[in-house]
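In: just coords:
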């Protein structure tokens, strides 16, 4: 079973209600995606979710919250979750503002794919893997 870190609770507790509720929903989705998901704090205060590498991180700003997803841009996004960083080579951003609904099922599928990629060696290895030859 994954590990929940009380320091993440402390981080969330300090946020305005809407930010806390939004990130708590995302947190639950992360743990639903894989029961081995582990929480930690990196960079002194930032919540990270890890499983065979970084999966996601939280960052609250004045008028929005960001969920950084460490997929190397490889995870398909048919639900249009990604709001920034489409060309970023490490992480993309899923942002929420007050009143936004967390699309839990789309997010769950996205995170499950990201975790599967981590378990297959991570996005760097998958991105750099030569294409499989095809028989013609």
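Out: Ah, there it is. Here the structure is a predicted model, which means the values were calculated and not measured.
In: which residue is nearest the centroid of this structure?
Out: residue 56 (3.1 Å; C-alpha atoms, centre = their mean).
In: Next one: it from residue 17, what distance?
Out: 21 Å (C-beta to C-beta, to the nearest Å). For every residue, glycine as well, the C-beta is placed using N, CA and C.
In: Checking residue 96 next. Helix, strand or coil?
Out: At residue 96 the chain is in strand, as set by DSSP: H, G, I helix; E, B strand; the rest coil.
In: Next one, pLDDT for it please.
Out: With respect to pLDDT, residue 96 scores 98.
In: How about residue 102?
Out: 98.
In: residue contacts, the residue nearest to the centre of the chain?
Out: 26, 30, 48, 49, 67, 68, 69, 70, 111, 114 (C-beta atoms under 8 Å, 6 or more residues apart in numbering).
In: again, only this time at 6 Å
Out: Listed by C-beta atoms under 6 Å, 6 or more residues apart in numbering, the contact partners of residue 56 are 49, 67, 69.
In: Just the ones of those residues in strands?
Out: Residues of the contacts of residue 56 located in strands (DSSP state E): 49, 67, 69.
In: Need those in CSV (columns: neighbour count).
Out: Shown next, in CSV, are the ones in strands among the contacts of residue 56 (neighbours: other C-beta atoms under 10 Å):
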residue, neighbour count
49, 27
67, 27
69, 26
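In: just to revisit the earlier point, check which helix or strand covers the residue nearest to the centre of the chain.
Out: strand 54-60 (DSSP states H and E).
In: what's the helix or strand bottoming out on mean pLDDT in the chain in contact with?
Out: The helix or strand with the lowest mean pLDDT-type score in the chain, counting by mean pLDDT, DSSP states H and E, is helix 123-128 (a mean of 79). Applying C-beta under 6 Å, 6+ apart, the contact partners of helix 123-128 are 71, 72, 74, 117.
In: try 10 Å
Out: 53-54, 70-75, 89-91, 114, 117-118, 120-121 (C-beta atoms under 10 Å, 6 or more residues apart in numbering).
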